[in-house]
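*Asks:* Here is a sequence together with a model predicted from it:
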Amino acid sequence: MKDVSYIIILSLLIIGYSNAQVVIPCNFNMTTARGYECRLPDVDLSQFESFIIGGDTHLGGMNDLMVESFFSIHNNFQYYPTIHLQRFPNLRHIKVSESLITEIPAGAITNRPLLETLSLSANRITQINPAAFTGTTNIRTLSLMFNQIRFLDNALYAMFPGIINLDLSFNIIERVHGNMFSNNPNMQTLSLNMNRAVFLNNTFFNNLVSLSTFQFESNICYGATFVGLQIPANRGEMFQRLIPCFIEGPSQFNCLFGFSFDGIEFDGDYTCLLRGIEAYDVTREINLAGWHLAGQNNNNVRFVWIHLSDTRFIINQMFIDFINLRGVQITGSNLQFLQEDAFRGGSNLQHLTITVNHVRRLEANTFRYAFNLQQIYFLGNDLEYVNEAAFAGLPNLQELALFGGRLTFLAPNVFAPLVNLRFFDASSNHLEIIDSRWFVNNSQIFQLNFNRNFIHSIHTSLVDMPMLTNLQLLENVCVDAMFLINDQTREQVRTQLNPCFENYPLRLQRFIIELEGDLGVYHGNGTLVINL
């Protein structure tokens, strides 16, 4: 006899072997806004040498020819699933997101004249061959956000003369040439948010005669969103404000004072822009240099923007040099950690944005000394751990975004200190459950966003939050919708969320079993799976 402790994780969805062909069944659904849909379950396909997308369990009267939408999130396709989608010749919508695809080769998405929307977001795409789309020219909406695209190829977008919406946000695009989009006169929305643009040839706008919205937040040369561009006055104002992007070459100064950051909170604030700087050693003294505009000095600086740099920690010196600092934004600068007491001296800080960096952890008391923070935005980082006391001492915080990370778990009381929290966004993470204990101390919340997670379980108390009016749960396991909540709609929302309520608590549970002797695990048919 022997004493053994076993940890058994009951999470088997599909059992296969690396040398066997695995069948991945579609979950067919005809109630989506995208029409009759094949949606894949959450399976790591990269572990299989061979697999097929199979299953003939169509809804009554339907067949492969009637499938209009293919939907896959976090299945880790290593290549675009060209062969697997041949069984669905009439697709109008394709989404293959959060996989391991690095390129779209010639022939990948050919001969699909009905295809209208294509989303390849959150992959690792660096190259797209224009010949990938031979015979596929009717795409209206294309999303390539959260990839690693550096160069824009006009030959690619020339394949889609009717495109209306193009999203290239969260890539590493540095330049936009004058011949870009010369074959896209119908484009209405172009998004280049959170790239590394240092130069725009302003003549490329001449090609976009229908452009109404240009999203260009958090780039190096400028950051803004411009709307209503079909009105000549609005387009003229955009050209005036984008002048820094029309000039070749980076700034000669380490700290470019007076740079006008065009964010919602900081419009018009006297700003220090830092770019191209390197800071590796947290113990080394750092000086912020530069020439002020006439009549200005360090005390007038209200905002610091650090962009396209290699700064691996928070530069604490900015709170010493700029004692009236209200806002800090750090984008594309390889920030890797928020060191202890990083915000010492930052008692006036109200706004903090950290975008497209590599901060993986928020430790206890991370924001100590910055107790007047009102907004914290983590966007497109690698955040995977948040200590239960990370937000301690932030009673004034109203908006918190942990968007685009790798969070699978949040501690029950992590938001308890945030008694005035009004807005929370944890979209594009890997969360599976909305815990009943998360928001018991946050009675002021009016909007919660959990889009593009893997949520299968929600506690019913979520709908009872007194101020909650906007609940976004798009592209999750048990729900794919967003809700406006009031006294008239509350019961309807409950009904729609009932599949999520029924799954609470977690369907995947972790057991610790103490036993003496051997342990056998069997299939339902009596076949022995494993003997321990």
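*Replies:* Structure received.
*Asks:* so where do the strands sit in the stretch 151-300 of the chain?
*Replies:* 165-167, 175-176, 189-191, 199-200, 213-216, 224-226, 255-257, 271-275, 278-279 (DSSP state E, counting those that start in this stretch).
*Asks:* In contact with the most centrally placed residue in the chain: list those residues for me.
*Replies:* Central residue of the chain (Cα atoms, centre = their mean): Gly404, 3.2 Å from the mean position. Listed by Cβ atoms under 8 Å, 6 or more residues apart in numbering, the contact set of Gly404 reads 146, 170, 379-381, 427-429. Every residue, glycine included, has its C-beta placed from N, CA and C.
*Asks:* now do Asn165
*Replies:* Per Cβ under 8 Å, 6+ apart, neighbours of Asn165: 140-142, 187-189.
*Asks:* if we can go back for a sec, out of the contacts of Gly404, which two sit at the greatest distance?
*Replies:* Phe170 and Asn429 (14.7 Å; Cβ to Cβ).
*Asks:* on that earlier part again, which entries within the contacts of Asn165 meet the buried criterion?
*Replies:* The neighbour-count criterion (16 or more other Cβ atoms under 10 Å) marks 140-142, 187-189 among the contacts of Asn165 as buried.
*Asks:* and of those, the nearest to Glu502?
*Replies:* The closest of those, once distances to Glu502 are taken by Cβ to Cβ, is Thr141, at 33.8 Å.
*Asks:* Show me what that closest one is bridged to.
*Replies:* Thr117, Asn165 (DSSP bridges).
*Asks:* Distance check, it against His93.
*Replies:* Using Cβ to Cβ, to the nearest Å, Thr141 is found at 9 Å from His93.
*Asks:* so what sits against both of those two?
*Replies:* Going by Cβ under 8 Å, 6+ apart, residues that sit against Thr141 and also against His93 are 116-118.
*Asks:* Scan those and report the most crowded one.
*Replies:* In terms of neighbour count, Leu118 stands highest of the shared contacts of Thr141 and His93 at 23 neighbours, by other Cβ atoms under 10 Å.
*Asks:* Just the terminal-to-terminal distance for stretch 139-147.
*Replies:* 19 Å (Cα to Cα, to the nearest Å).
*Asks:* going forward, begin numbering at 12 instead of 1
*Replies:* That works, and once the first residue is 12, the last one we named lands at stretch 150-158.
*Asks:* buried residues in stretch 64-73?
*Replies:* If you call a residue buried by 16+ other Cβ under 10 Å, then stretch 64-73 has these buried ones: 64, 69.
*Asks:* mean confidence for it?
*Replies:* Averaging pLDDT along stretch 64-73 gives 85.
*Asks:* what's the answer for stretch 200-217, then?
*Replies:* 91.
*Asks:* quick check: longest helix of this protein.
*Replies:* Ranked by number of residues, the top helix in the chain under DSSP state H is helix 243-252.
*Asks:* Which neighbouring elements make contact with it?
*Replies:* If contacts are counted by 3 or more Cβ pairs under 8 Å, 6 or more residues apart in numbering; DSSP states H and E, helix 243-252 sits against strand 235-237.
*Asks:* Point out the other helices and strands that the strand it packs on packs with.
*Replies:* For strand 235-237, the packing partners by 3+ Cβ pairs under 8 Å, 6+ apart come out as strand 224-227, helix 243-252.
*Asks:* can you list those in JSON lines and add distance to Leu485, mean neighbour count and mean pLDDT?
*Replies:* Formatted as JSON lines, the helices and strands packed on strand 235-237 follow (distance: least, Cβ to Cβ, whole Å; neighbours: other Cβ atoms under 10 Å; pLDDT from 0 to 100):
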{"stretch": "strand 224-227", "distance to Leu485": "19", "mean neighbour count": "20", "mean pLDDT": "96"}
{"stretch": "helix 243-252", "distance to Leu485": "30", "mean neighbour count": "13", "mean pLDDT": "94"}
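*Asks:* Can I get the ones you listed in JSON lines including distance to Asn345?
*Replies:* Formatted as JSON lines, the helices and strands packed on strand 235-237 follow (distance: least, Cβ to Cβ, whole Å):
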{"stretch": "strand 224-227", "distance to Asn345": "22"}
{"stretch": "helix 243-252", "distance to Asn345": "28"}
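*Asks:* just checking, Val107 is part of a strand?
*Replies:* Yes: counting by DSSP: H, G, I helix; E, B strand; the rest coil, Val107 is part of a strand.
*Asks:* hang on, Asn440 packs against Phe420?
*Replies:* No: applying Cβ atoms under 8 Å as the test, Asn440 and Phe420 come out as separate, 10.0 Å apart.
*Asks:* Neighbour count for these two, which is higher?
*Replies:* Asn440 (24 against 14).
*Asks:* Could you tell me which residues make contact with that one?
*Replies:* Contacts of Asn440 (Cβ under 8 Å, 6+ apart): 413-419, 463-464.
*Asks:* And Leu530, what's its pLDDT?
*Replies:* On the pLDDT scale, Leu530 gets 67.
*Asks:* Repeat that for Ile19.
*Replies:* 31.
*Asks:* ok, and what's touching stretch 339-346?
*Replies:* 183, 205, 207, 229, 231, 272, 274, 314-325, 329, 360, 362-370.
*Asks:* Mark which of the residues you listed are buried, thanks.
*Replies:* Buried members of those, counted by 16+ other Cβ under 10 Å: 183, 205, 207, 229, 231, 272, 274, 314-320, 322-323, 325, 329, 360, 362-368, 370.
*Asks:* Now, these that are in strands?
*Replies:* In this view, the buried ones among the contacts of stretch 339-346 that belong to strands under DSSP state E are 314-318, 322, 362-366.
*Asks:* Switch those residues over to a markdown table; also include pLDDT and distance to Asn487.
*Replies:* As requested, these are exported to a markdown table (pLDDT from 0 to 100; distance: Cβ to Cβ, whole Å):
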| residue | pLDDT | distance to Asn487 |
| --- | --- | --- |
| Phe314 | 92 | 36 |
| Val315 | 92 | 37 |
| Trp316 | 91 | 34 |
| Ile317 | 91 | 34 |
| His318 | 87 | 33 |
| Thr322 | 88 | 35 |
| His362 | 96 | 29 |
| Leu363 | 97 | 28 |
| Thr364 | 96 | 26 |
| Ile365 | 96 | 25 |
| Thr366 | 94 | 24 |
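*Asks:* Mind telling me the two of those farthest from one another?
*Replies:* Every pair of these checked by Cβ to Cβ; the farthest is Thr322 and His362, at 18.3 Å.
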